[in-house]
Each structure stands twice: as structure tokens, then as C-alpha cells.
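*Asks:* Build the 3D model from these lines:
(chains A and B)
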Amino acid sequence: MPSRRAVLALVVCLGGICAGCAIFGETAAVWGICSAAVLICGYFFDRFEKRDTPSGDIALTAVMTALAVAGRLIFAPVPAFKPCAAVIILAGIYLGAEKGFAIGALTALISNFYFSQGIWTPFQMTVWGLTGLAAGLLGDKLKKSPAALAFFGGAAGLVYSVSLDVCSMLWLGGGFSAERFLGLTAASLWFTVSYMVSNVIFLLLFVRPSARVFGRLRDKYGPGR
Amino acid sequence: MKPLHPVCRLTAVMTVLICLMFSRSITAVGAGLLGGLVCLGLLCGAKSLFKALFGSLAFSAAVSVIDPLFSHRGMTVLLFVNDRPYTAESMLYGLMLGLSLSGATLWLTLCRRLLTDREILCIFGRISPKLAMTVSMTLGFIPRLIEKQKRIRSAQQWAGLFAGSSPTDRLQSSAAVFMACVAWSAEAAAGAARSMDSRGYGTHSVTYSDSRRLRRADLVFLTVQTGFTAAAVIFMALGGNTDFYPTIVFGRYEPLLTAAVTALCLPAIIFLAKEDIQWKLYTSKR
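*Replies:* Numbers count the residues shown, from 1 in each chain, chains lettered A, B, ... in the order given. Predicted structure coming up:
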């Protein structure tokens, strides 16, 4: 049963979103998806905050986020070919869905401190967070089958690129236009393919060593799933 | 703006950002961008100002040229591209989008200049201490990881491993270094967790390293910024935005919306200008 405070918070948030949609008119779609992204991240961060998290889990979340961010920084000279989505997926698989979300969302937030923050940050946080969450939920199946893992990685790259295209299109205003969407998708096709291919390659390269590292960590210290 | 509380500095940026992101008034967006450029000039000097000005203008010009290729609305047809009209209204709409995006990016750059990582963590640490601690630890681990990666790569090269220069060899080499970093990170996390436990993590409530409180000047600043933001949102709702289609019509409340956005930028400009003048006056003349 949700508490009265939670219900009140939900009502206030929904009221704010509806009022914003009414006020902002043409930019209502941007306001709506911005609010949805902030709400999704806020919900999972609130759960992370309220849960009785042991120190090991916090340290592991921090270090995996650092690893994903460092991956993005190290591979910065190669556009769109980065291991961060692969690290987020592996973190989701081996550390659990909620930690996967936190690692994905924080990776987008912190890595954009080094690249550049923008209107895309909340969407990147949500998409990478949900990628980590989905990887955690499908963890057992993905661990058993490299083909399923490769398919998941490719799909994650595709969803990430298309989601950012949809956000860019809505930001341009004028609602959903098939012509504009196709134009944006065609312009970012090379990036989409790079995201998909890099995810598949890095996942297949990292999956076995990761299983060994996380297995050893669990046996030695206990944290992890 | 250093004498102001970090919350005030964050509010100064966020309020302008809201107007830039959600307003569709070409004059208000232009005022926001101009305010940001002045702040950048005062904060980082003329070189950064001209670099940002040139970047913003080039980006806005590019968007204004590209947008009519996808949007064919508007009455004033300039030419036909593939039998589709290329209109002046779409060009101006593209210009507004370009100014809005450049302005938002510029104010986010200013946010990084006005607030340090530690100050951002202090603000959010009070709302979400566990998350702030995770971010703080992550920021600490990143340079260590990059340094570790360099050392492992160097050690592997000196040991004669992954000497090939083909793309496959380089990828394998990078993957091997990265996995070594993963293994090191896992051990570092376990070490950090033991260190946290030995210092009593979870046994008492969280204390904050930043003890700054909001003073009267901070409260006045916050009230003024909130008031002008509310006014700007009301003017947007009443019809402060520019109507681009079918022909350009400026909104009834557009001058007031533009004035509200300018007023939102002014406190930051005044504070930064005052600091700049003080700095120049107090510099030794010898």
C-alpha cells in the first residue's frame, strides 16, 4: 500500500506535468518527455536512497560507473565506438537490475561533465538506466547464451540511437513528422550502426572475463548478486 | 558570484535554462543567449566570448538553413527544393531553434564555471546523501582508473604483448587492458567498502562537509529569480511566443517575456561585472 506522502508526491508531479503541457503549447512534448525522464530517474534514485544499501554495493556501483565513464573517455577519439553500454549491461547482469539502472543513469550524468551537458542528458540517463535495468531483469538468460547477449547489445544500441533521434525531433517542435524522423535517422545511421556493432563486440569480448571477475568478487567478499 | 550560496548560482542558471528550453519566442531566446555570452565574456575573457559567439552563430545559421528542408510550412516561398517549398518562416523558426539550443548549451557551460563538482555534490548531498556519496566516489575513481589503464598498457607493451598494429590486435589489446582495469576496480571497490565499514558507515546519520547556510542576500536573490521565472512562464501561457506559421506574428506579450528573460540574466551579469571591476581595481599597478 503506497504511503499518503507518495500518493501526494505523485499527484503533485502529474499536476505539474499537465500544467506544463497546457502552458508550454508547442513545446509540451519536450516538457512531457523531459518530465518523464526526470520522474523515472527520480523514482529509481529514491529507491536506491531508501534501501538499506551495504557499503560494498555503494562502492561497487561507484567503481562500475567510473569504469563506464573511463571507457567513454578512453575511447573518446573513436566516435560512437565505446564500451560504456557494454559495461552497463554487464553491471546489470552481475549486480542486479536496480544497480544496473543506477550505473547507467550515473554514467550518462557524470560522463557528460567531461563531454558536455545538454538537453540530451536526461534522455541519455533514462535510456542507459533502462538498459541496465533490462539487462538485470534478463540477467539469467543473458548469462547462459552469448547469442542472446549479442542480440540484446545490438538492440540496446539501436534503442539508444533511435530514442535520441525521437528526442531531437520533438525538440525541433511541430510534433511527430515522418519526413523529419527519417531525415534524422538517416543522418545518424552511421552512429546507430557503430553503437550496435561496438556493443556486440565489447559484450562478446568482456562477457567471460567479467563472469570470472564478478564470480571471484562474490566468493571473496560477498557483494554482487 | 562566489559570495552567493551554490543554490543561488544553480538557480540563476536553471531559471534561464527553463526559459530557453520552453519558450518559442525568437526575441526572448536571443536575449537569453546574449545574456549568456556577456556572462561568459566576464567570466572567461574575450577569447572565450568570441569563440562561443562564433560557434553559436554558425550553429544557428546551419539549423536555419537545414530546417526548411524538412518543414515546408509558411507563406513566403523563397525557392523550391525537389518541388518542395523552401520558406522564410521555416528559416526563422530554424534560427530560433538554433539560438535556443546554443543558449541552453552556453548556460550549461556557465553552470560548470560557476559551480564546482564539490558544490554540486553539497547541494544534492542534503537531498540524496547516498547518491551524492556514490557520485563523489565515482569522481574519485575516474582519474585513478585512467592512470591505471595507462600503466597497464605501458606494462603490456614493455612485456612485448599485443605488439601487432592491425585493428584486431589493437582491439584485443584495448580489451585486455580494459578487463585488467575491471579486475582492479572490483578489488578497489572491495577495499573501499572495507574502509567505509571501518569508519562506521551506516552506524550513524550522515553529516555534511559544507556548513554554508542561506543568508538574507541569498534569499532575496532566490525570490527575485523565482518571481521573474514565474512571470516569464505566465507570459508564455498568455501568448508571449512568436507565431511562425503561416506568417511571422510576434506574440502580444513577447516584449514582456523578453524583458523577464533579460531580467533573469541581469543579476548574474551584475555580480560578475562587479567582481571583474573589483579584480581589475585591486590589481597592483606597479
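
*Asks:* which stretches of the chain form strands?
*Replies:* If you meant another chain, say so; for now it's chain A. Here chain A has no strands by DSSP state E.

*Asks:* Chain B, not that one
*Replies:* Under DSSP E, chain B gives strands at B:77-81, B:84-87.

*Asks:* which secondary structure elements does the shortest one contact?
*Replies:* Read it as strand B:84-87. helix B:46-70, strand B:77-81 (3 or more C-beta pairs under 8 Å, 6 or more residues apart in numbering or on different chains; DSSP states H and E). C-beta here means a position set from N, CA and C on the backbone, and glycine is covered the same way.

*Asks:* Which one, of the ones you listed, ends up nearest to chain A?
*Replies:* helix B:46-70 (4.4 Å; C-beta to the nearest C-beta).

*Asks:* Contacts only, for the residue nearest the centre of chain A.
*Replies:* With distances taken as C-alpha atoms, centre = their mean, residue A:128 lies nearest the centre of chain A, 1.1 Å away. Neighbouring residues of residue A:128 by C-beta atoms under 8 Å, 6 or more residues apart in numbering or on different chains: A:84, A:85, A:88, A:104, A:105, A:107, A:108, A:160.

*Asks:* re earlier: possible to save the strands of chain B as TSV with mean pLDDT and mean neighbour count?
*Replies:* As requested, those are arranged in TSV below (pLDDT from 0 to 100; neighbours: other C-beta atoms under 10 Å in any protein chain shown):
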stretch	mean pLDDT	mean neighbour count
strand B:77-81	85	12
strand B:84-87	87	19
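
*Asks:* Turn those strands into JSON lines, columns for distance to residue B:18.
*Replies:* Converted to JSON lines, the strands of chain B look like this (distance: least, C-beta to C-beta, whole Å):
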{"stretch": "strand B:77-81", "distance to residue B:18": "33"}
{"stretch": "strand B:84-87", "distance to residue B:18": "30"}
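
*Asks:* sorry, back to before: tell me the confidence at the residue lying closest to the residue nearest to the centre of chain A once chain neighbours are set aside?
*Replies:* Once flanking residues are discounted, residue A:128 sits nearest to residue A:104: 3.6 Å by C-beta to C-beta, 6 or more residues apart in numbering or on different chains. Residue A:104 is assigned a pLDDT of 94 by the prediction.

*Asks:* The one 10 residues further on too?
*Replies:* Each residue has a pLDDT score; the one for residue A:114 is 77.

*Asks:* how about low-confidence regions in chain A?
*Replies:* For chain A, the stretches flagged by pLDDT under 70 are A:1-2, A:172-176, A:221-225.

*Asks:* which residue ranges form the helices in it?
*Replies:* With DSSP state H, the ranges of helices along chain A come out as A:4-24, A:28-50, A:55-74, A:84-95, A:97-114, A:121-137, A:139-144, A:146-172, A:178-187, A:189-221.

*Asks:* How far away from the center of its chain is the shortest one?
*Replies:* Average the C-alpha atoms of helix A:139-144, do the same for its chain, and the two points are 19 Å apart (C-alpha atoms, centre = their mean, to the nearest Å).

*Asks:* just the third one next, same as before
*Replies:* Relative to its chain's centre, helix A:55-74 lies at 14 Å (C-alpha atoms, centre = their mean).

*Asks:* hey, C-alpha coordinates of that helix in PDB?
*Replies:* Coordinates of each C-alpha in helix A:55-74 appear next as PDB, following Å, rounded to 0.1, in the frame of the first residue of the first chain:
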ATOM      1  CA  SER A  55      28.900  -0.200   1.700                       C
ATOM      2  CA  GLY A  56      30.000  -2.900  -0.700                       C
ATOM      3  CA  ASP A  57      27.100  -2.200  -3.000                       C
ATOM      4  CA  ILE A  58      27.800   1.600  -3.000                       C
ATOM      5  CA  ALA A  59      31.500   1.100  -3.700                       C
ATOM      6  CA  LEU A  60      30.800  -1.400  -6.500                       C
ATOM      7  CA  THR A  61      28.200   1.000  -8.100                       C
ATOM      8  CA  ALA A  62      30.700   3.800  -7.900                       C
ATOM      9  CA  VAL A  63      33.500   1.800  -9.300                       C
ATOM     10  CA  MET A  64      31.400   0.300 -12.200                       C
ATOM     11  CA  THR A  65      30.100   3.800 -13.000                       C
ATOM     12  CA  ALA A  66      33.700   5.100 -13.000                       C
ATOM     13  CA  LEU A  67      34.700   2.200 -15.300                       C
ATOM     14  CA  ALA A  68      31.900   3.000 -17.800                       C
ATOM     15  CA  VAL A  69      32.800   6.700 -17.700                       C
ATOM     16  CA  ALA A  70      36.500   6.000 -18.100                       C
ATOM     17  CA  GLY A  71      35.700   3.700 -21.100                       C
ATOM     18  CA  ARG A  72      33.900   6.600 -22.700                       C
ATOM     19  CA  LEU A  73      36.800   8.900 -22.000                       C
ATOM     20  CA  ILE A  74      39.500   6.400 -23.100                       C
END
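
*Asks:* how about that helix: buried residues?
*Replies:* A:55-74 (16 or more other C-beta atoms under 10 Å in any protein chain shown).

*Asks:* same deal with the second one?
*Replies:* Of the residues in helix A:28-50, those scored as buried under the neighbour-count criterion (16+ other C-beta under 10 Å) are A:28-35, A:37, A:39-41, A:44-45, A:48.

*Asks:* repeat for the first one
*Replies:* By neighbour count, and taking 16+ other C-beta under 10 Å as the criterion, the buried residues in helix A:4-24 are A:17, A:20, A:23, A:24.

*Asks:* just those that are near chain B?
*Replies:* Among these, the residues within reach of chain B (C-beta under 8 Å from any C-beta of the partner chain) are A:20, A:23, A:24.

*Asks:* I'd say the first one and residue A:27 touch.
*Replies:* Going back to what we said before, that points to residue A:20. No - the criterion here is C-beta atoms under 8 Å, and residue A:20 misses it with residue A:27 at 9.0 Å.

*Asks:* Which neighbours do these two have in common?
*Replies:* residue B:22.

*Asks:* who in the stretch 151-286 of chain B is up against chain A?
*Replies:* Residues of the stretch 151-286 of chain B lying near chain A (C-beta under 8 Å from any C-beta): B:171-172, B:174-175, B:178-179, B:181-183, B:185-190, B:192-194, B:196-197, B:201-202, B:233, B:236-237, B:241.

*Asks:* Tell me how far residue B:259 lies from chain A.
*Replies:* Noted for residue B:259: a distance of 19 Å to chain A, by C-beta to the nearest C-beta, to the nearest Å.

*Asks:* Check that residue and give its pLDDT.
*Replies:* On the pLDDT scale, residue B:259 gets 95.

*Asks:* The helices of chain A into JSON lines, with extra columns for distance to residue B:12?
*Replies:* Formatted as JSON lines, the helices of chain A follow (distance: least, C-beta to C-beta, whole Å):
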{"stretch": "helix A:4-24", "distance to residue B:12": "21"}
{"stretch": "helix A:28-50", "distance to residue B:12": "20"}
{"stretch": "helix A:55-74", "distance to residue B:12": "27"}
{"stretch": "helix A:84-95", "distance to residue B:12": "32"}
{"stretch": "helix A:97-114", "distance to residue B:12": "19"}
{"stretch": "helix A:121-137", "distance to residue B:12": "19"}
{"stretch": "helix A:139-144", "distance to residue B:12": "44"}
{"stretch": "helix A:146-172", "distance to residue B:12": "23"}
{"stretch": "helix A:178-187", "distance to residue B:12": "33"}
{"stretch": "helix A:189-221", "distance to residue B:12": "34"}
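
*Asks:* And chain B, split by domain according to the record?
*Replies:* When chain B is parsed with automatic domain parsing, its domains come out as B:6-121+B:211-282, B:141-198.

*Asks:* now residue B:84, nearest residue through space, not along the chain?
*Replies:* Nearest one to residue B:84, counting by C-beta to C-beta, 6+ apart, is residue B:72 at 5.2 Å.

*Asks:* what sits against the one you found?
*Replies:* B:84, B:85, B:86, B:87, B:90 are the contacts of residue B:72 under C-beta under 8 Å, 6+ apart.
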